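Q: coords please:
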Amino acid sequence: MNWNDALFQWVHYGIRRGLIGEEDRYVVINALLSLLGKDSLERTAADPEPEAPLQEILKTLVDEAVARGLCGESVSERDLFDTAIMGLLTPRPREVISQFKHRYCQSPQKATDWFYQFSQDTNYIRRDRMSKNCHWLTATAYGDLDVTINLAKPEKDPKAIAAALKAPEGENAYPQCQLCWENEGYAGRLDHPARQNHRVIPISIGGKTWGFQYSPYGYYNEHCIAFNKEHIPMKIDRQAFRKLFDFVTLFPHYFIGSNADLPVVGGSILTHDHFQGGRCTFAIQRAPVQKKLYFKGYEDIEAGRVRWPMTTIRLTGKEPERLIALADHVLKTWRDYSDRSVGILAETEGTPHNTITPIVRRIAKDFQIDLVLRNNRTTAEYPLGIFHPHPQYHHIKKENIGLIEAMGLAILPARLKRELTLVEEGLVVGTDLEKNEMTAKHASWAKAIAHAHPGLSKANVGAIVRQETGKVFCRVLENAGVYKNDAAGDQGFSRLIAAVNGRK
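A: From the prediction side, this is the model:
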């Protein structure tokens with residue numbers, strides 16, 4: 001397929017997916033010609049069949065741009081250009097919002113079904129990359145955990161890294177961060193993704209205007225983001241809980257949760273108030289309550305400690321305001337709570353350490369909130385965090401344990417796809433993994449795998465390595481648990497609940 005044919009394929013793609021109408025044909029053709037630095041094209045058949053895959057169409061058009069010197073060859077540069085191409089097909093925000101509201105009047109699910117498909121059709125959510133993600137389940141004492149190696153988010157190339165060093169920061173940056181509304185329609189640059197094909201739906205949360213969008217990297221099904229229109233820091237408090245319940249009232253078929261609001265245990269963007277949700281059942285939701293809890297004055301609320309590697313209190317009830325009040329009561333107690341016998345200090349030298357990762361969902365006619373207790377204290381032994389992946393597991397997971405992973409979904413770095421393949425090959429043929437830079441970090445772990453699986457072979461090594469990787473993720477979650485699932489942890493947790501019940 002040459003660029004001329006690709007152009008017509010691209011136009012028909014937009015018409016067939018309802019992104020543009022037949023009456024828009026020549027406007028978008030001429031806009032793309034302008035983008036490609038051309039002033040004419042050859043006429044072709046009006047309805048090209050069969051339709052080529054979108055990625056093949058875009059590759060052909062970007063190849064032409066590269067050949068003409070309009071675009072660089074790196075992944076980041078090609079992404080900028082193909083997003084500009086798709087931006088020409090993407091309807092204006094007013095039209096998208098109108099379509100969403102029309103469907104929302106029929107049902108919230110019809111509205112999100114349409115908007116999710118729309119976000120894929122505009123290539124804002126890159127389906128081709130998501131389809132390459134690795135995913136498997138690992139059986140553990142806490143149930144099946146989901147493990148993924150995510151390839152949808154491309155690694156930065158050297159040009160992008162260099163550009164990021166020169167980019168303005170703070171209030172001088174534009175957009176101020178990757179969550180800000182001003183990303184909608186932004187052309188991007190090497191250190192910031194293009195967003196001409198990005199659209200945001202305004203919603204009301206906590207009496208304020210928030211934006212609703214999908215994540216372009218899709219860590220799970222219908223991975224959505226709700227963000228404050230104002231660029232203000234995240235904060236977990238009573239009002240944050242209320243906002244979460246507002247969201248599930250608007251979208252009862254979605255869960256919603258928030259990263260914690262402190263470094264180490266928080267997410268990657270703490271400077272902009274936002275939540276993450278979607279249409280997905282995580283392992284934490286499937287986990288049962290292992291011990292019922294009683295909270296004085298809240299007898300109408302069903303409460304319990306979840307059988308989970310990270311310390312989680314589950315509250316279920318019919319009235320959001322009652323759940324919000326109890327969640328806030330637990331949070332305020334936990335913020336000020338210390339128990340040196342289990343390594344928990346509320347603050348050191350004026351730096352706060354205790355916070356909560358909250359998750360809200362609808363369960364039939366009830367509302368439910370999980371409160372995952374977090375502490376971000378560091379020591380000389382654990383400079384990255386006591387309740388953080390410990391050093392022996394950094395070869396698999398070194399990054400923060402945020403909301404998504406706290407729910408039981410591992411988001412492992414893309415490097416592992418190649419590294420684990422080399423580990424598997426080394427285990428089968430007996431290669432010295434220490435001698436390869438890519439596998440040296442995995443060498444001692446691989447020896448333990450070989451010892452534990454004497455029947456290891458070429459036929460089963462892949463499954464064994466995947467399961468052992470999942471077990472590492474489970475241990476990482478246990479590292480992040482503030483009260484361990486042992487006698488000392490149970491006793492410490494009971495002291496906390498007593499403190500909650502004793503607080504006025």
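
Q: what ranges do the strands span in the stretch 351-500 of the chain?
A: Ranges of strands in the stretch 351-500 of the chain, per DSSP state E, counting those that start in this stretch, are 351-352, 354-363, 366-375, 409-412.

Q: next, the angle strand 354-363 makes with the third one.
A: So the one you mean is strand 366-375. Strand 366-375 and strand 354-363 are oriented at 160 degrees to each other (axes from the mean of the first three to the mean of the last three Cα atoms, to 10 degrees).

Q: circling back: reformat the strands of the stretch 351-500 of the chain as TSV; add distance to residue 267 and mean neighbour count.
A: All C-beta spots, glycine's among them, are computed from the backbone N, C-alpha and C. Shown next, in TSV, are those (distance: least, Cβ to Cβ, whole Å; neighbours: other Cβ atoms under 10 Å):
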stretch	distance to residue 267	mean neighbour count
strand 351-352	17	14
strand 354-363	9	22
strand 366-375	12	24
strand 409-412	11	22
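
Q: in JSON lines: the ones you listed, plus mean pLDDT.
A: Below are the strands of the stretch 351-500 of the chain laid out as JSON lines (pLDDT from 0 to 100):
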{"stretch": "strand 351-352", "mean pLDDT": "96"}
{"stretch": "strand 354-363", "mean pLDDT": "97"}
{"stretch": "strand 366-375", "mean pLDDT": "98"}
{"stretch": "strand 409-412", "mean pLDDT": "95"}
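
Q: out of those, which comes closest to residue 148?
A: strand 409-412 (6.0 Å; Cβ to Cβ).

Q: partners of that closest one, with directions?
A: Here strand 409-412 is paired, per DSSP bridges, with strand 143-149 (parallel).

Q: of all the strands of the stretch 351-500 of the chain, which lies closest to residue 250?
A: The nearest among those, by Cβ to Cβ, is strand 354-363 at 11.2 Å.

Q: so how far is that closest one off the chain centroid?
A: From the chain centre to the centre of strand 354-363 is a distance of 16 Å (Cα atoms, centre = their mean, to the nearest Å).

Q: what's the answer for stretch 23-30, then?
A: That offset, for stretch 23-30, works out to 36 Å (Cα atoms, centre = their mean).

Q: show me what it is in contact with.
A: 7, 11, 14-15, 20, 41, 88-89 (Cβ atoms under 8 Å, 6 or more residues apart in numbering).

Q: thinking again about what came up before, could I get the strands of the stretch 351-500 of the chain as a markdown table with distance to residue 114?
A: Output for the strands of the stretch 351-500 of the chain, formatted as a markdown table (distance: least, Cβ to Cβ, whole Å):
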| stretch | distance to residue 114 |
| --- | --- |
| strand 351-352 | 42 |
| strand 354-363 | 21 |
| strand 366-375 | 26 |
| strand 409-412 | 25 |
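
Q: looking at this structure, which helix or strand is least sure?
A: Lowest on mean pLDDT, DSSP states H and E among the helices and strands of the chain sits helix 158-166, with a mean of 53.

Q: who does the helix or strand that that one is followed by touch, helix- and strand-wise?
A: Tracing the chain C-terminally past helix 158-166 and defining elements by DSSP states H and E, one meets strand 201-205 next. When contacts are defined as 3 or more Cβ pairs under 8 Å, 6 or more residues apart in numbering; DSSP states H and E, strand 201-205 sits against helix 93-104, strand 208-214, strand 224-228, helix 238-250.

Q: could you dump these to a markdown table with mean pLDDT?
A: Output for the helices and strands packed on strand 201-205, formatted as a markdown table (pLDDT from 0 to 100):
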| stretch | mean pLDDT |
| --- | --- |
| helix 93-104 | 98 |
| strand 208-214 | 98 |
| strand 224-228 | 98 |
| helix 238-250 | 98 |
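
Q: tell me the most buried of these?
A: Of those, the one with the most neighbours on average (mean count of other Cβ atoms under 10 Å) is strand 224-228, at a mean of 23.

Q: dump that one to CSV, restricted to CA.
A: What follows is strand 224-228, C-alpha atoms only, in CSV (Å, rounded to 0.1, in the frame of the first residue of the first chain):
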residue,chain,number,x,y,z
CYS,A,224,-10.5,5.3,33.4
ILE,A,225,-9.3,8.4,35.2
ALA,A,226,-11.3,11.1,37.0
PHE,A,227,-9.3,14.3,37.6
ASN,A,228,-9.9,17.6,39.2
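
Q: residue 111 versus the closest residue to residue 199 other than its chain neighbours, what's the distance?
A: The shortest distance from residue 199 to any non-neighbouring residue, by Cβ to Cβ, 6 or more residues apart in numbering, is to residue 96 (4.5 Å). Separation of residue 96 from residue 111 (Cβ to Cβ, to the nearest Å) stands at 11 Å.

Q: go on, residue 62?
A: 33 Å.

Q: try residue 123
A: Applying Cβ to Cβ, the value for residue 123 to residue 111 is 21 Å.

Q: hmm, back to that, and residue 275, which of the strands of the stretch 351-500 of the chain is closest to it?
A: strand 354-363 (9.0 Å).

Q: who does the closest one touch, helix- and strand-wise?
A: helix 238-250, strand 255-257, helix 320-335, strand 366-375, helix 403-406.

Q: could you list the low-pLDDT ranges of the protein?
A: Within the chain, the segments meeting pLDDT under 70 span 44-49, 153-170, 503-504.

Q: show me the longest helix that occurs in it.
A: Longest helix in the chain, counting residues (DSSP state H): helix 461-480.

Q: which other helices and strands contact it?
A: strand 134-140, strand 143-149, helix 403-406, strand 409-412, helix 415-429, helix 443-452.

Q: then the fourth one to PDB, C-alphas only?
A: Pointing back at strand 409-412 there. C-alpha atoms of strand 409-412 as PDB (Å, rounded to 0.1, in the frame of the first residue of the first chain):
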ATOM      1  CA  LEU A 409      -2.700  -6.500  39.600                       C
ATOM      2  CA  ALA A 410       1.100  -6.400  39.000                       C
ATOM      3  CA  ILE A 411       2.200  -3.900  36.500                       C
ATOM      4  CA  LEU A 412       5.700  -5.200  35.700                       C
END
